[in-house]
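Chemist: I'll drop the sequence and a predicted model, then ask my questions.
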Amino acid sequence: MSKRIVLIGAGSAQFGLGTLTDLFQSEPLRGSTIVLHDINPQALERVLKMGREYAQAHNLPYTLEATTSRAEALQGADFCIISIEVGNRFLLWEQDWFIPLQYGIRQVYGENGGPGGLFHSLRIIPPILEICGDVMRLCPEAYVFNFSNPMSRICTTVKRKYPELRLTGLCHEIASMERHLPYILDRPFEEIQIVAGGLNHFSFLLEARERATAKDLYPEIRAKAPAYFEGKPERGLFRMLFERFGYLPITTDSHTGEYVQWAWDVVDHKGILDFYAWYKRYCAEKVFTIGEPSHERVVPMIEAIVTGKPSEELAVNVMNAGYIAELPNDIVVEVPATVDGKGIHPHKLPPLPKGIAGLLRNQVAVHDLTAEAVLTGSKEAALQALLVDPVVHSARAAEQTLETILERQAEYLGYLH
C-alpha cells in the first residue's frame with residue numbers, strides 16, 4: 001500500500017540506513033514513497049545514494065526522495081519518524097554529565113534523567129517542537145514516532161503543546177527481556193507473556209506468565225534471576241532494585257541510575273564508564289551499511305496501521321490517560337499497546353506495587369517543570385526542575401551547575417530567561 005513515510009534526521013547513517021533497511025524488507029509498504037530529511041546536505045546525500053543503489057540492485061518498488069526542506073518533506077505525509085540530536089552529541093553529553101559532578105551532584109550517567117537529562121531536554125525539545133508544529137500545519141493526520149531522548153520529557157512537552165498530535169515514543173530497551181527471560185526461565189520467549197511499564201528507561205517487569213496456561217512465572221524468576229545476573233556488567237543497582245522491590249528493572253544501571261537518589265552508592269561505575277567508552281568508540285568507528293536491520297519496532301507498527309492486522313507492542317510512550325493509575329494524566333508513560341488499522345491502543349497496567357509507584361512518582365515534578373521551562377522559556381522553572389530532582393542534594397550546587405551549563409551551551413539554551 002503506497003504511503004508517504006518521512007524520516008527526519010535521516011542523515012544519521014545508523015538511523016537512516018537502519019530504518020531504510022526495515023522499510024525495504026516490508027511487503028505491506030511496497031510502493032511507498034520514503035522521504036529522507038536532514039539539515040546536513042552532505043550526510044543526506046550519502047544516505048540517499050546508498051538507499052537508491054540498494055533499491056535498484058534488489059529491484060525494490062519504492063520511491064526514494066531527499067530534501068533539506070522540512071516543509072517539502074512533510075507535505076502530505078502519512079507517517080513521520082523523528083530521530084535527531086543537537087550539536088556535538090558527545091561533547092555536550094559530557095558537559096551534561098561532568099559539570100554537575102564538578103559541583104558535587106552525584107549523577108551516574110547524564111543522558112536522560114537527573115541534571116544531565118534536564119540539560120539534554122532543554123536543548124533538544126525546542127527543535128522537536130518546531131518539527132511537530134510543521135506536522136500539525138502540513139499533515140495533521142500523520143502518525144509521528146519519536147526515537148530521540150530524553151524520551152519521556154520530549155514526548156510530555158510535545159503533547160502538552162500539541163495535544164491532538166498522533167505522537168508515540170519508541171524505545172528498544174524492552175528488548176532486554178527477550179534476551180534475558182528465555183535463559184532465566186529455560187523456555188522460548190514466545191512462550192512467555194509479559195507486562196512491563198513505568199517511565200522510559202525507568203520501567204519494570206510487572207508480570208510474566210506462561211502464555212499457554214497463564215501460570216505466574218515470577219516465583220521462578222525470583223528464584224533463578226539472582227544467579228543469572230551475577231557478574232554481569234552494569235548490574236549493581238539492577239540487583240538492588242530487584243532484591244528490595246521484588247521486580248526486574250527493564251534496563252541497566254546507567255539508565256535506571258539516573259532516576260534514583262541512592263544509585264551512586266550501588267551502581268557498577270566501572271561498567272557504566274566502560275559502556276560509555278565503548279559506545280563513543282562504536283559510533284565513531286562503526287561503518288553503517290544498508291542491509292542491516294535496525295531491530296526497532298516502528299515498521300511493524302506502521303504495517304499494522306496500514307493493513308489493519310493487529311500487532312502487540314511491549315512498550316510505547318504515550319500521554320497517560322489512566323494507563324498507570326498511580327501517575328498523573330499529564331505526563332507520558334511507557335506501557336504495552338495493541339496497534340491496528342484504527343491506531344495505537346495503549347493498555348492499562350495492573351496496580352503498581354507501592355514501592356515501584358513511589359520511585360516513579362519522584363519523577364513527576366521533574367518532568368512537569370522541564371516541560372514548563374521549555375514551553376515558557378523560564379530559567380526559574382529550569383532551576384526548580386533541578387531542585388525537585390531527587391538526585392540533586394544541594395541548592396547551591398544546582399544554581400552553580402545551571403549557570404555554568406547556560407554559559408557553556410548558550411548557543412542552544414539562550415531562550416531561557
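Modeler: That came in fine, so what should we check first?

Chemist: per-domain residue ranges of the chain.
Modeler: If you go by automatic domain parsing, the domain ranges for the chain are 4-171, 172-417.

Chemist: quick check: mean pLDDT across the first one?
Modeler: The average pLDDT for domain 4-171 rounds to 97.

Chemist: What separates the first and last residues of that domain, distance-wise?
Modeler: Taking C-alpha to C-alpha, to the nearest Å as the measure, domain 4-171 stretches 23 Å from start to finish.

Chemist: Please state the offset of the helix ranked longest in the chain from the chain centre?
Modeler: What stands out as the longest helix in the chain, according to DSSP state H, is helix 114-138. The offset between the C-alpha centroid of helix 114-138 and the centroid of the whole chain comes to 13 Å, using C-alpha atoms, centre = their mean, to the nearest Å.

Chemist: And the next helix or strand past it?
Modeler: Past helix 114-138, further along toward the C-terminus, the next helix or strand under DSSP states H and E is strand 143-146.

Chemist: Who are the packing partners of that next one?
Modeler: Packing contacts for strand 143-146, counted by 3 or more C-beta pairs under 8 Å, 6 or more residues apart in numbering; DSSP states H and E, involve strand 79-82, helix 114-138, helix 151-161, strand 166-169, helix 298-307. Every C-beta, even on glycine, is put in place using the N, C-alpha and C of the backbone.

Chemist: Need the CA coordinates for that strand. CSV is fine.
Modeler: As requested, the backbone C-alpha atoms of strand 143-146 are provided in CSV (Å, rounded to 0.1, in the frame of the first residue of the first chain):
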residue,chain,number,x,y,z
TYR,A,143,1.3,9.4,12.8
VAL,A,144,4.5,10.6,14.4
PHE,A,145,7.1,8.3,16.0
ASN,A,146,9.9,9.8,18.2
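
Chemist: Now tell me what touches that strand from outside.
Modeler: Counting by C-beta atoms under 8 Å, 6 or more residues apart in numbering, the neighbours of strand 143-146 from elsewhere in the structure are 78-83, 128, 132, 135, 154-155, 158, 165-170, 298, 301-302, 305, 317, 343-344.

Chemist: what's the answer for stretch 65-76, then?
Modeler: Contacts of stretch 65-76 with the rest of the structure, by C-beta under 8 Å, 6+ apart, involve 4, 6, 8, 10, 33-39, 41, 44-45, 47-48, 80, 131, 134-135, 138-139, 142.

Chemist: swap the cut-off to 10 Å and go again
Modeler: Under the contact criterion C-beta atoms under 10 Å, 6 or more residues apart in numbering, stretch 65-76 has outside partners 4, 6-8, 10-11, 16, 33-41, 44-49, 51-52, 80, 130-131, 134-135, 137-139, 142.

Chemist: can you give me the end-to-end distance of it?
Modeler: Taking C-alpha to C-alpha as the measure, stretch 65-76 stretches 14 Å from start to finish.

Chemist: what's the answer for stretch 314-330, then?
Modeler: Start-to-end span of stretch 314-330 (C-alpha to C-alpha) is 22 Å.

Chemist: Strands of the stretch 151-300 of the chain, start to end?
Modeler: For the stretch 151-300 of the chain, applying DSSP state E, counting those that start in this stretch gives strands covering 166-169, 192-199, 202-210.

Chemist: Can I get the shortest one in CSV? Just the C-alpha atoms.
Modeler: Looking back up the chat, that one is strand 166-169. Presented in CSV, the C-alpha positions along strand 166-169 are these (Å, rounded to 0.1, in the frame of the first residue of the first chain):
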residue,chain,number,x,y,z
ARG,A,166,-0.6,11.5,16.9
LEU,A,167,2.7,11.1,18.7
THR,A,168,4.2,7.9,20.1
GLY,A,169,7.6,7.5,21.6
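
Chemist: CSV please, covering the domains of the chain and showing mean neighbour count.
Modeler: Supplementary listing: the domains of the chain in CSV, determined by neighbours: other C-beta atoms under 10 Å:
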stretch, mean neighbour count
domain 4-171, 20
domain 172-417, 18
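
Chemist: now P150, nearest residue through space, not along the chain?
Modeler: Excluding its sequence neighbours, the residue lying closest to P150 (C-beta to C-beta, 6 or more residues apart in numbering) is N112, at 4.1 Å.

Chemist: Now name the helix or strand holding that neighbour.
Modeler: For N112, no secondary-structure element claims it when assigned by DSSP H and E, so it is in no helix or strand.

Chemist: So it versus E292, what's the distance?
Modeler: Distance check for N112 against E292: by C-beta to C-beta, to the nearest Å, it reads 25 Å.

Chemist: A357 now?
Modeler: For A357, the distance to E292 equals 40 Å [C-beta to C-beta].

Chemist: repeat for A10
Modeler: 16 Å.

Chemist: can you check V392 too?
Modeler: Taken as C-beta to C-beta, the spacing of V392 relative to E292 amounts to 40 Å.

Chemist: go on, I324?
Modeler: Separation of I324 from E292 (C-beta to C-beta): 35 Å.

Chemist: Same question for I305.
Modeler: Taking C-beta to C-beta as the measure, I305 falls 25 Å from E292.

Chemist: just Q25 next, same as before
Modeler: According to C-beta to C-beta, Q25 and E292 sit 11 Å apart.

Chemist: so what's S394 up against?
Modeler: Under the criterion of C-beta under 10 Å, 6+ apart, the contact partners of S394 comprise Y103, G104, I105, L386, L387, Q400, T401.

Chemist: 7 Å instead?
Modeler: The neighbours of S394, taking C-beta atoms under 7 Å, 6 or more residues apart in numbering as the test, are G104.

Chemist: what's the answer for the one 10 residues further on, then?
Modeler: Each residue near T404 by C-beta under 7 Å, 6+ apart is listed here: I99.

Chemist: Sticking with it, tell me its helix or strand.
Modeler: Using DSSP H and E, T404 falls within helix 395-408.

Chemist: Could you tell me the angle between that helix and helix 114-138?
Modeler: With axes from the mean of the first three to the mean of the last three C-alpha atoms, to 10 degrees applied, the angle from helix 395-408 to helix 114-138 works out at 50 degrees.

Chemist: could you say what helices and strands the following helix or strand past helix 395-408 packs with?
Modeler: Next along the chain after helix 395-408, taking DSSP H and E as the criterion, comes helix 410-413. Using 3 or more C-beta pairs under 7 Å, 6 or more residues apart in numbering; DSSP states H and E as the contact criterion, the secondary-structure elements in contact with helix 410-413 are helix 114-138.
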